[in-house]
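Enquirer: Please work out how this folds:
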Amino acid sequence: MNEDRSRLDEADEWYADVVATPGSGTGVNRPRPRVTTFGDALASLLNNLERGEPPVEWTPDEKPWASLAFRPGEIHVLGGPPAEGKTSLALNVLDRMLVRYPELRVLIASNEMSTATMNERLISMRSGIAYRALRRRDERAYTAADLDRVKTAGAAMSSRLAFVERPFTIEQARDVAADFNADIVFVDYLQGTGMIDGSRDAQQRVAATMRALRALADTGPCVITTAAMSRSGIARAQDRVGKTDVNALDMGVFLHGSEIEHEVNVAHLLLAEPGSKVAMGPDEEGEPLKMWLQCVKARDLMKAMAPLLFDGRTQKFTLRDIAPSVAKPSTPGQPAPNGSARQARRGKSVANGNRDDGGTRWLS
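Expert: Next up, the predicted model:
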């Protein structure tokens, strides 16, 4: 990362001139961009091939969750309806990777959620203590042995995980990431994180923030951010939960989707399975929630999706097995029998939809 720090310093003038204040740069003071010949790029590739070194990649398990694999220099966007687990999924994935990769360094910057809240979620994931008990400081809900697990969990990541305290701007988070030598930077969330230029137009602000995240990723780390969906996008996404076909309009479910799509490498949606109960009363225990992690954009990767199970008690996600079944396709241009979107959302069986009769069907 020292080389990345040097590269970051060299790019400061360009960043201030072009990224922070788009359209104002004259190009007079900008450093000349680096040029790499094809021969140099080929020599580097051949050297890696001869040494048998795979590219750097971090995954939450031995097998990636669908298209969920992170590489240096990439930008990943995770979208979903409000309060449906986007931040918890990101934290859970980061926690798993911190365990799997002893040298991994992660920086979390959230203008949406306090450091204390995120820390409670991470500790719940690691220790198994109910998240509600941690929030309430309910001494009846945990034992001394549980607290020992909390200490062990904290010790394992204490020097490799850091938080940027709110409020902050992308520029400030960028400097902290360089000083911390972060391999992964998690920004929560995209539309709620500002720029120094103070633009009041939301569309311009999102576009400028994405350019800033790209400038950050170009210095080395992988950047992960959560993003809001539009109201119409939420309705559209709910009708496409679990569908295996690729639709060019899927990126449009994001709020300011066109500004996001230009810079992002991989984009996922986290969506509850139709018929799932996503809210509960204050005295309800809650049940694991069936969810889908649906890839809607992936450069150089296959778009894939993963069936997940979210246990809100410990804020943990796991892969869930689904019984293989093949849905009989409907005639093109005609609805499948009993297959209305409203019925699917109510959890009723549909010919080409989700079922709960021993397994979950893949939508086609």
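
Enquirer: Would you double-check that L308 falls in a strand?
Expert: Yes - counting by DSSP: H, G, I helix; E, B strand; the rest coil, L308 is located in a strand.

Enquirer: if I look at it, how far off is L271?
Expert: Shown here: L308 relative to L271, a distance of 10 Å by C-beta to C-beta, to the nearest Å. All C-beta atoms are positioned from the backbone trio N, CA, C, and that covers glycine.

Enquirer: Could you do C295 as well?
Expert: Taken as C-beta to C-beta, the span from C295 to L271 is 12 Å.

Enquirer: When those two are compared, which one has more neighbours?
Expert: Neighbour count, other C-beta atoms under 10 Å: between C295 and L271, L271 has more, with 26 against 20.

Enquirer: so that one, which of the three states?
Expert: L271 ends up strand, using three-state DSSP.

Enquirer: Need the overlap of contacts for L308 and L271.
Expert: M291, W292 (C-beta atoms under 8 Å, 6 or more residues apart in numbering).

Enquirer: Now do the end-to-end distance for stretch 100-120.
Expert: End-to-end distance of stretch 100-120 (C-alpha to C-alpha, to the nearest Å): 21 Å.

Enquirer: mean confidence for that stretch?
Expert: The average pLDDT for stretch 100-120 rounds to 93.

Enquirer: Pull the distance from it to the chain's centre.
Expert: 13 Å (C-alpha atoms, centre = their mean, to the nearest Å).

Enquirer: So what touches it?
Expert: 58-61, 87, 91, 94, 97-98, 131, 134-135, 160-168, 173, 176-177, 180-189, 192-194, 221, 226.

Enquirer: Go through it and flag the buried ones.
Expert: 101, 104-113, 118-120 (16 or more other C-beta atoms under 10 Å).

Enquirer: got it, and stretch 250-264?
Expert: Here stretch 250-264 shows 250-257, 259-261, 263-264 as buried, counting by 16+ other C-beta under 10 Å.

Enquirer: ok, now stretch 289-308?
Expert: Result for stretch 289-308 [16+ other C-beta under 10 Å]: buried residues 289-298, 303, 305-308.

Enquirer: Where does confidence bottom out across the residues you listed?
Expert: K303 (80).

Enquirer: ok, which stretches of the stretch 101-250 of the chain are helices?
Expert: 115-127, 131-136, 144-157, 170-180, 202-217, 231-238 (DSSP state H, counting those that start in this stretch).

Enquirer: helices and strands around the second one, which ones?
Expert: In other words, helix 131-136. helix 115-127 (3 or more C-beta pairs under 8 Å, 6 or more residues apart in numbering; DSSP states H and E).

Enquirer: which stretch among the helices of the stretch 101-250 of the chain comes nearest P33?
Expert: helix 202-217 (13.0 Å; C-beta to C-beta).

Enquirer: Quick one: classify the residue most central in space within the chain as helix, strand or coil.
Expert: By C-alpha atoms, centre = their mean, the chain has its centre lying nearest to L78, at 3.8 Å. Classification of L78 using three-state DSSP returns strand.

Enquirer: give me the beta-bridge partners of it?
Expert: Beta-bridge pairing of L78 under DSSP bridges involves T226, H268.

Enquirer: how about it, what does it touch?
Expert: Here L78 is in contact with K86, L89, A90, I224, T225, T226, A227, A267, H268, L269, L270 (C-beta under 8 Å, 6+ apart).

Enquirer: Need the phi and psi values for the first one.
Expert: So the one you mean is K86. phi -60, psi -50 (degrees, to the nearest 10).

Enquirer: export the buried residues of stretch 100-120 to TSV and tack on distance to M210?
Expert: Formatted as TSV, those follow (distance: C-beta to C-beta, whole Å):
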residue	distance to M210
Y101	27
L104	25
R105	23
V106	21
L107	18
I108	19
A109	15
S110	18
N111	16
E112	17
M113	21
M118	23
N119	28
E120	30
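
Enquirer: what's the farthest-apart pair in these?
Expert: Y101 and N111 (26.8 Å).

Enquirer: picking up where we left off before, return the subset of the buried residues of stretch 289-308 lying in strands.
Expert: Counting by DSSP state E, those place 289-298, 305-308 in strands.

Enquirer: Just put those in JSON lines and tack on distance to A145.
Expert: Formatted as JSON lines, those follow (distance: C-beta to C-beta, whole Å):
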{"residue": "L289", "distance to A145": "28"}
{"residue": "K290", "distance to A145": "31"}
{"residue": "M291", "distance to A145": "31"}
{"residue": "W292", "distance to A145": "36"}
{"residue": "L293", "distance to A145": "33"}
{"residue": "Q294", "distance to A145": "39"}
{"residue": "C295", "distance to A145": "40"}
{"residue": "V296", "distance to A145": "43"}
{"residue": "K297", "distance to A145": "44"}
{"residue": "A298", "distance to A145": "43"}
{"residue": "M305", "distance to A145": "38"}
{"residue": "A306", "distance to A145": "33"}
{"residue": "P307", "distance to A145": "33"}
{"residue": "L308", "distance to A145": "29"}
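
Enquirer: E287: what's it in contact with?
Expert: K277.

Enquirer: try it again with 6 Å
Expert: Not one residue lies near E287 by C-beta atoms under 6 Å, 6 or more residues apart in numbering.

Enquirer: Identify all contacting residues around stretch 55-73.
Expert: Against stretch 55-73 from outside (C-beta under 6 Å, 6+ apart): 93, 96-97, 101, 217, 220, 222, 293, 295, 298, 301, 304-306.

Enquirer: give me that answer again for 7 Å
Expert: The contact list for stretch 55-73 (C-beta atoms under 7 Å, 6 or more residues apart in numbering) reads 76, 93, 96-97, 101, 104, 184, 217-218, 220-222, 266, 268, 293, 295, 298, 301-306, 319.
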